[in-house]
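Peer 1: Compute the structure for the input listed below.
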Amino acid sequence: MATHEPVAAHRAASAEGISLHTRLYDGRKAAHRLHVLVVGCGMGGLAAAHCLGQAGHKVTLFESASAIGEVGAGIQVTPNVSRLLRRWGVGDALESVAVRPDAIVLRKYNTGERVAYTSWADMERRYGSPYYHIHRADLHKLLFDLAVPFMDLRLKSTVVSVDPDAPSITLATGEVVHGDLIVGADGVKSTIQRVVLGHTNPAEPTGDAVYRAIIPSHLLLKDPELKGFVDIPEMTGWMGPGRHIMAYNIRAKKEFNIVLAHPDDGSVESWTAEGSADKMRADFADFEPRIRKLLGFVNSTLKWRLMDRQPLNKWIHPSYKVILLGDACHPMLPYRAQGAAMAIEDAAVLGNLLSRLQHPAQLRGLLQAYEDLRLPRTAETQRQSRLNQKIFHLPDGPEQEARDAQMRAAMEIEFKVLRGERGEDALEGSPNQWADRKKNEAQFAYDADTEAERWWREVGERSLGGTDKFEAVLSKL
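Peer 2: Alright, predicted model coming up:
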């Protein structure tokens, strides 16, 4: 099976040294310092290394690959994540390499007719931070740079077994590494998950696979029919029977990212597997002429099988020395663009909570708070992602026509609001989930640090805080 090599980050995607001059958690550092073994060098693992390091802990990160890198694909950085990245000091770098989309537009697959529109121009005013589109390699590089000062990175270090009571990990070389806490950030095929659960959470085929490709924007700018996709940086979706496409600008509008979901025909669950560009064009031959033009520019594509997994009932081993983070405990379908977002939020909550660790007796309560704060939110986000698959892929017919009518009605309300002709409408339950103000408020206004601080004020300080609590905590163990 052919695979794509990692793509280099843009030169402007640099955060070297920034985290050394950034104070998180009001400068608070854990009085009891842990040695944390983080398994996996993806977005979640790097964010965890950064946040745990900022909290005062020693971090060793283990990665099976021989080099660090990401695939050639775009990713969405929603306000719930951009607020963290800005807090961590990389706001200027984001502005340099990412794109702020003006809106999301949903179109009919075969005509290109616009059936839904939601403005994103006021994301920062509404939710306190911007919405960005960025190249995965650029975001990964920013997180890597933030983590570097706080971690000992071990490449070519495949974890083959875990002793959850020690705790320790054993590498493929036979080396055993001991620590105080193991964080499994090792993705959808997590080794650490099996340790926590005692089994692997089964994967369920969604019936979908995804093509991913990036097109140089100058090719679009030469064509009057395609130029508008670059001039007006919207996220554009085309909804069709059993298929949909999402496309948007990345790298300061120098590249155009396109993602195409279609019925799975025997692909594999891999970010790096190569697909056939000719097969991709054939799969979308009945889409509108502009799509056929765009796909004509694609010489190579990544192809990824989409598998679904139900939310776990726990993220923590009974020893309270092994925990899960990111895709290892809540893999997301891409239909809501929240996979990396949830992993980065996990890391922020974990780091904030563990910055309060003053004594080993507190660790159990703080880790339980991490699970209690994060599991319900990620489970709901997984549910919303599954819902979009159904909404986008309706076959032509009465159900699709009803969907489009609801979306058009919401779009007309949006335009009246933008023209100042009426007040805002919550649009709760709209099939365009980005038009649903209540869902957006819950998803995008979320602040991981605020949630961790609130838990400490309302629960943690009373049950765990202060030296007078240690004996009471110890007595319960």
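Peer 1: And the helices in the stretch 251-400 of the chain?
Peer 2: With DSSP state H, counting those that start in this stretch as the criterion, the stretch 251-400 of the chain has helices at 277-283, 289-296, 339-354, 363-392, 398-418.
Peer 1: and the angle from the fourth one to helix 339-354?
Peer 2: Angle between the axes of helix 363-392 and helix 339-354 is 160 degrees (criterion: axes from the mean of the first three to the mean of the last three Cα atoms, to 10 degrees).
Peer 1: how far is helix 363-392 from where the chain is centred?
Peer 2: Between the mean C-alpha location of helix 363-392 and the chain-wide mean there is a distance of 12 Å, by Cα atoms, centre = their mean, to the nearest Å.
Peer 1: Show me what it packs onto, helices and strands only.
Peer 2: In terms of contacts (3 or more Cβ pairs under 8 Å, 6 or more residues apart in numbering; DSSP states H and E), helix 363-392 is packed against strand 235-240, strand 322-324, helix 339-354, helix 437-444, helix 448-455. All C-beta atoms are positioned from the backbone trio N, CA, C, and that covers glycine.
Peer 1: Please repeat the previous calculation with a cut-off of 7 Å.
Peer 2: Counting contacts by 3 or more Cβ pairs under 7 Å, 6 or more residues apart in numbering; DSSP states H and E, the secondary-structure elements packed against helix 363-392 are helix 339-354, helix 448-455.
Peer 1: which of the residues in the longest one are buried?
Peer 2: Residues of helix 339-354 classed as buried under the neighbour-count rule (16 or more other Cβ atoms under 10 Å) are 339-354.
Peer 1: which stretch among the helices of the stretch 251-400 of the chain comes nearest residue 240?
Peer 2: Across the helices of the stretch 251-400 of the chain, the minimum distance to residue 240, taken as Cβ to Cβ, is reached by helix 363-392, at 8.2 Å.
Peer 1: where does the stretch 51-200 of the chain dip in pLDDT?
Peer 2: Along the stretch 51-200 of the chain, segments meeting pLDDT under 70 span 70-72.
Peer 1: the strands in it, which residues?
Peer 2: With strands called from DSSP state E, counting those that start in this stretch, the stretch 51-200 of the chain shows them at 58-62, 74-77, 103-108, 114-119, 132-135, 151-154, 159-163, 168-171, 176-178, 181-184.
Peer 1: Let me know which of the ones you listed is the nearest to residue 13.
Peer 2: Comparing those under Cβ to Cβ, the one sitting nearest is strand 132-135, at 7.8 Å.
Peer 1: ok, and what's touching that closest one?
Peer 2: Defining contact as Cβ atoms under 7 Å, 6 or more residues apart in numbering, one finds that strand 132-135 is touched by 10, 74-77, 82, 94, 97-101, 248-251.
Peer 1: Same question for stretch 355-374.
Peer 2: In contact with stretch 355-374 (Cβ under 7 Å, 6+ apart) are residues 25, 28-32, 34, 55-56, 314-316, 320, 323, 346, 349-350, 353-354, 451-452, 455-456, 460, 463-464, 470, 473-474, 477.
Peer 1: before we move on, the earlier item: of the buried residues of helix 339-354, closest to residue 160?
Peer 2: Using Cβ to Cβ, residue 343 is the member of the buried residues of helix 339-354 that sits closest to residue 160, with 23.3 Å.
Peer 1: just the buried members of the contacts of stretch 355-374?
Peer 2: If you count burial by 16+ other Cβ under 10 Å, the buried members of the contacts of stretch 355-374 come out as 25, 30, 32, 34, 55-56, 315-316, 320, 323, 346, 349-350, 353-354, 451-452, 455-456, 460, 464, 473.
Peer 1: The closest residue to residue 415 other than its chain neighbours pairs with what?
Peer 2: In space, and not counting its chain neighbours, residue 415 is closest to residue 117: 7.2 Å by Cβ to Cβ, 6 or more residues apart in numbering. Taking DSSP bridges as the rule, residue 117 bridges to residue 105.
Peer 1: Tally up the residues packed near residue 117, please.
Peer 2: 22 (other Cβ atoms under 10 Å).
Peer 1: What of residue 65?
Peer 2: Going by other Cβ under 10 Å, the residues that sit close to residue 65 add up to 12.
Peer 1: and residue 411, what is it in contact with?
Peer 2: Residue 411 touches 116-117, counting by Cβ under 7 Å, 6+ apart.
Peer 1: hang on, the earlier thing: for residue 17, find the nearest of the strands of the stretch 51-200 of the chain.
Peer 2: Taking Cβ to Cβ as the criterion, strand 151-154 is the member of these that comes nearest to residue 17, at 14.6 Å.
Peer 1: hang on, the earlier thing: compile the helices and strands packed on helix 363-392 into CSV and extend it with columns for mean pLDDT.
Peer 2: Converted to CSV, the helices and strands packed on helix 363-392 look like this (pLDDT from 0 to 100):
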stretch, mean pLDDT
helix 339-354, 97
helix 448-455, 98
